[in-house]
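Asks: Any chance you can model this:
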Amino acid sequence: MPAYQLDGKPLLFFQNAHHLESGYSTTGFSDLAKLDYGLFCATSFALLEMDSNIEMRILQLIRKAIG
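Replies: Numbering: from 1, shown residues only. Model (predicted):
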């Protein structure tokens, strides 16, 4: 499972659907990510397909997570 770090700690991970024998891939963020926007916020997302719109949204979340 690939993971990306910030200051030596996991920030973002990716789980491939084929590797996990799942119906979808998953990308998610650790509690280090600065994504909080209230009492309830998503930290992982199911990916059925990747396209340029999804890629842009993930990049936006990564930029926000880094702060």
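
Asks: Name whatever forms a beta bridge with the residue nearest the centre of the chain.
Replies: With distances taken as Cα atoms, centre = their mean, the residue of the chain nearest its centroid is G28 (3.0 Å). In this entry, G28 is beta-bridged to F13, S44, by DSSP bridges.

Asks: wait, isn't it in contact with F13?
Replies: Yes: judged on Cβ atoms under 8 Å, G28 makes contact with F13 at a distance of 5.5 Å. The way it works is simple: take the backbone N, C-alpha and C, and place the C-beta from them, glycine included.

Asks: Can you check what pLDDT the model gives the nearest residue to L47 once chain neighbours are set aside?
Replies: Setting aside the residues directly before and after it, L47 is nearest to S25 in space (Cβ to Cβ, 6 or more residues apart in numbering), at 4.4 Å. Confidence at S25, expressed as pLDDT, is 91.

Asks: what's around L61, how many residues?
Replies: Number of residues near L61 (other Cβ atoms under 10 Å) recorded here: 19.

Asks: pLDDT at the residue nearest to the centre of the chain, what is it?
Replies: On pLDDT, G28 comes in at 93.

Asks: Please apply the same query to M56.
Replies: 94.

Asks: Report the distance from the lowest-mean-pLDDT helix or strand in the chain to the chain centre.
Replies: Lowest by mean pLDDT, DSSP states H and E among the helices and strands of the chain is helix 17-20, with a mean of 77. Centre-to-centre, helix 17-20 and its host chain are 16 Å apart (Cα atoms, centre = their mean, to the nearest Å).
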